[in-house]
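> Need a 3D model of the sequence below.
(2 chains)
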Amino acid sequence: MTTTTGPDARPDFEDVGRPDRMPVPARPGRSRLMTVGVIVSTILVVAHVFAFEATDFSPGALVDGWRGIARFLGEAIPPDLTWSTVLKPGLEATLVTLWIGLLGTTMSIPFALVLAVLGARNTTPNAFVYQIARSILSFFRAVPDVVFALIFVTAVGLGPFAGVLALICHNTGVMGKLWSEAMEEIDQGPVEALRTNGAGRVQVVSHAVLPAVVPQFVGLMLYRFDVNVRSSLVLGLVGAGGVGFLINKSIKTFQFDEMLTYILIVLVLIVAVDLASAAIRRRLTA
Amino acid sequence: MSADPALQITGLEKSFGARRVLSGVDLRVEAGEIVAILGANGSGKSTALRCVVGLAQADAGEIRMSGQDLTRLSGTELLRARRKAAMVFQQIHLVRRRTALANVCSGALGRLPLSKSALTTLFPNELREEGMACLDRVGLADRAHDRVSALSGGQQQRVAVARALCQRASILLADEPVAALDPAASEQVLALLADLARRQGLAVAAVLHQPDLARRHADRIVGVLDGRVLFDRPPTAVSDTDVDRLYGVARLAVA
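Alright, predicted model coming up:
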């Protein structure tokens, strides 16, 4: 019991009147949640039925096809390691692939930066510019780099330059979006602080926003470099230079042992790039 | 003109939707004095300061700085007038990855053209030297090239004060500047603010939650309750009962 005498009164610590158990009140909106769950799962099941149908999905075909795979592997192994005709051109082309990925990443920095600043809610000058910048980014992101490569091959001809141009376009879209999101997530405090001392928009961006996102920017760029090196392989398949071009050629001429050599080189390259970029990113965030 | 107070707020009103935060706040801060503003959370103290520096827009009332009515100004004139007031925040709001000196220099951005301020490398040498002097004023000249994130909370808040000095503000507003600091650092920051008022002639207004800090350092204490000023007196004339009325506590005696 509590003693209530004067302003110094304090409740007793023993809460005698309280029950040990209480009924759990019904959670509001539970039946609605169940209905939504049923509808969503039905839609997913139906979508899968259509998808299996449309893609001729059949594990049986894969099992029956083992003979084809075996023949293919038989011709590919052992890989052709002739230095002058396979290994040397393979290594050179792989280096080109790496350079395509590098230029495709670095040359898109200025475009990505401008579009990211204009397309981030906290740095854009106004809603109109914001929408324009967002639309440009969406467009470059939506068009796959392979499509850009096909377009640029017709413009500048077969070769690595078309691949670089294609990657610049697509990477501007992706990296610009990632960067603008990184900027939108920063703590608005320093931005507010600079606004109160009369700093203009450009000053706020360069003195409060960008310094706060440097590690994220570099991390995202390394991640994009990693992706772009892999993409530049695929671009080679459509004629935009690099080792992908050689892989395509060896498939077309049924030189599968040559192809295996190229693929092994590519494997080493990709693992190396992946490890390097992961290591740098780890050091950045540490 | 010299009779005009550095900062004079009259009848300030502000609502957020249906919630009335300020219902006619009056506040006067003279050059050379430090005024502590006490009040419960949500009583409107911070909003009043935010209206002065333009982070919030008052619905009605007057804000005068050295006699100049800000509510009658607009555009660049208003921005120029507002630069007279600098704000120090509870969450400090420095750019943590930059050095103390770079943060202090950024206080001058409002008066610099882009050609001298688009990047830190473009800052003129005079500005760096002025920034150093501001850091020295808060006792941190030796940490100029340290990243802010490497400084303690109290040191960071002093860097924020130095940034306000580099803004060349004559009015210094502090929104709960020591709420996140330990007692020793709080004492140091408050002593610094009081010293800036007395020796440099700044008009300082600090929102505080610690009545004893206010009593020890302020020239006047303003109590705010429900968007109105409840009292405005020298610390010696503020009783415990006055303070308790602000926070709505019935005093609990310790047994």
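> does the closest residue to chain B within chain A count as helix, strand or coil?
Across chain A, the shortest distance to chain B (Cβ to the nearest Cβ) belongs to A:Gly198, at 2.4 Å. Using the backbone N, CA and C atoms, a C-beta is placed for each residue, glycine as well. Secondary structure, DSSP: H, G, I helix; E, B strand; the rest coil: A:Gly198 is coil.
> can you count the residues close to the closest residue in space to it that isn't next to it in sequence?
The spatial neighbour of A:Gly198 that comes closest, neighbours along the chain excluded (Cβ to Cβ, 6 or more residues apart in numbering or on different chains), is B:Gly110 at 2.4 Å. B:Gly110 is surrounded by 23 other residues when neighbours are defined as other Cβ atoms under 10 Å in any protein chain shown.
> Surely B:Gly110 forms part of a helix?
Yes. Counting by three-state DSSP, B:Gly110 is found in a helix.
> Give me the most central residue, the chain.
Just going to use chain A. A:Arg224 (6.8 Å; Cα atoms, centre = their mean).
> should've been chain B
Geometric middle of chain B (Cα atoms, centre = their mean) lands on B:Leu173, at 1.6 Å.
> what are the pairing partners of the helix or strand containing that residue, and which direction each?
Secondary structure assigned from DSSP states H and E places B:Leu173 in strand B:171-175. Next to strand B:171-175 in the sheet, as set by DSSP bridges, lie strand B:85-88 (parallel), strand B:203-208 (parallel).
> now those in a markdown table, with mean neighbour count, distance to B:Phe231 and mean pLDDT?
A markdown table is the format used below for those (neighbours: other Cβ atoms under 10 Å in any protein chain shown; distance: least, Cβ to Cβ, whole Å; pLDDT from 0 to 100):
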| stretch | mean neighbour count | distance to B:Phe231 | mean pLDDT |
| --- | --- | --- | --- |
| strand B:85-88 | 26 | 24 | 94 |
| strand B:203-208 | 27 | 15 | 95 |
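> Poorly predicted segments of the chain, please.
No chain was given, so I picked chain A. Where chain A drops to pLDDT under 70, the residues are A:1-16, A:286.
> nope, chain B please
Ranges of chain B meeting pLDDT under 70: B:1-3, B:249-255.
> Helices along that one, start to end?
B:45-53, B:75-82, B:100-105, B:125-137, B:153-166, B:183-200, B:211-217, B:240-247 (DSSP state H).
> Highest mean neighbour count out of the ones you listed?
Most buried of the helices of chain B, by mean neighbour count (mean count of other Cβ atoms under 10 Å in any protein chain shown): helix B:100-105, with a mean of 28.
> for that helix, packing partners?
Using 3 or more Cβ pairs under 8 Å, 6 or more residues apart in numbering or on different chains; DSSP states H and E, the elements in contact with helix B:100-105 are helix B:125-137, helix B:153-166.
> how much distance is there from the shortest one to the middle of the chain?
The one in question is helix B:125-137. The chain centroid and the centroid of helix B:125-137 are separated by 20 Å under Cα atoms, centre = their mean, to the nearest Å.
> Which elements pack onto that helix?
helix B:100-105, helix B:153-166.
> Quick check: closest non-adjacent residue to B:Val159.
B:Ala100 (4.8 Å).
> Now do the contacts for the one you found.
Neighbouring residues of B:Ala100 by Cβ atoms under 8 Å, 6 or more residues apart in numbering or on different chains: B:Leu135, B:Leu140, B:Arg143, B:Ala144, B:His145, B:Asp146, B:Arg147, B:Val148, B:Leu151, B:Val159, B:Ala162.
> these two touch, right, B:His217 and B:Ala174?
No. Checked against Cβ atoms under 8 Å, the pair B:His217 and B:Ala174 is beyond contact range at 11.3 Å.
> So for the two, which residues contact both of them?
Common neighbours of B:His217 and B:Ala174, using Cβ under 8 Å, 6+ apart, are B:Leu193.
> neighbour-wise, which of the contacts of B:Ala100 leads?
B:Ala162 (29 neighbours).
> so what does the helix or strand hosting A:Glu258 touch, helix or strand wise?
Assigned by DSSP H and E, A:Glu258 belongs to helix A:256-285. The contact analysis (3+ Cβ pairs under 8 Å, 6+ apart) places helix A:256-285 against helix A:66-76, helix A:88-106, helix A:210-237, helix A:243-252.
> Can you lay out these as a markdown table showing distance to chain B?
Output for these, formatted as a markdown table (distance: least, Cβ to the nearest Cβ, whole Å):
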| stretch | distance to chain B |
| --- | --- |
| helix A:66-76 | 51 |
| helix A:88-106 | 20 |
| helix A:210-237 | 5 |
| helix A:243-252 | 39 |
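> Nearest to B:Gly54, out of those?
helix A:210-237 (22.1 Å; Cβ to Cβ).
> and the closest one, which residues are buried?
Within helix A:210-237, the residues that count as buried by 16 or more other Cβ atoms under 10 Å in any protein chain shown are A:210-213, A:216-217, A:219-237.
> How many residues are close by B:Ser115?
By other Cβ under 10 Å, neighbour count at B:Ser115 equals 7.
> and if you look at B:Ala56?
17.
> Show the backbone phi and psi for it.
phi -140, psi 160 (degrees, to the nearest 10).
> what's the closest non-adjacent residue to it?
B:Arg50 (4.1 Å).
> quick one, what contacts that neighbour?
Taking Cβ under 8 Å, 6+ apart, one finds B:Ala56, B:Met87, B:Asp175 in contact with B:Arg50.
> how about 10 Å then?
With contact set as Cβ atoms under 10 Å, 6 or more residues apart in numbering or on different chains, B:Arg50 has these partners: A:Glu192, A:Thr196, B:Lys14, B:Ala56, B:Gln57, B:Ala58, B:Met87, B:Leu173, B:Asp175.
> Return the member of these nearest to B:Leu122.
When these are compared against B:Leu122 (criterion: Cβ to Cβ), the nearest one is A:Thr196, at 22.0 Å.
> Let me know how buried the closest one is, in neighbour terms.
When neighbours are counted by other Cβ under 10 Å, A:Thr196 comes out with 25.
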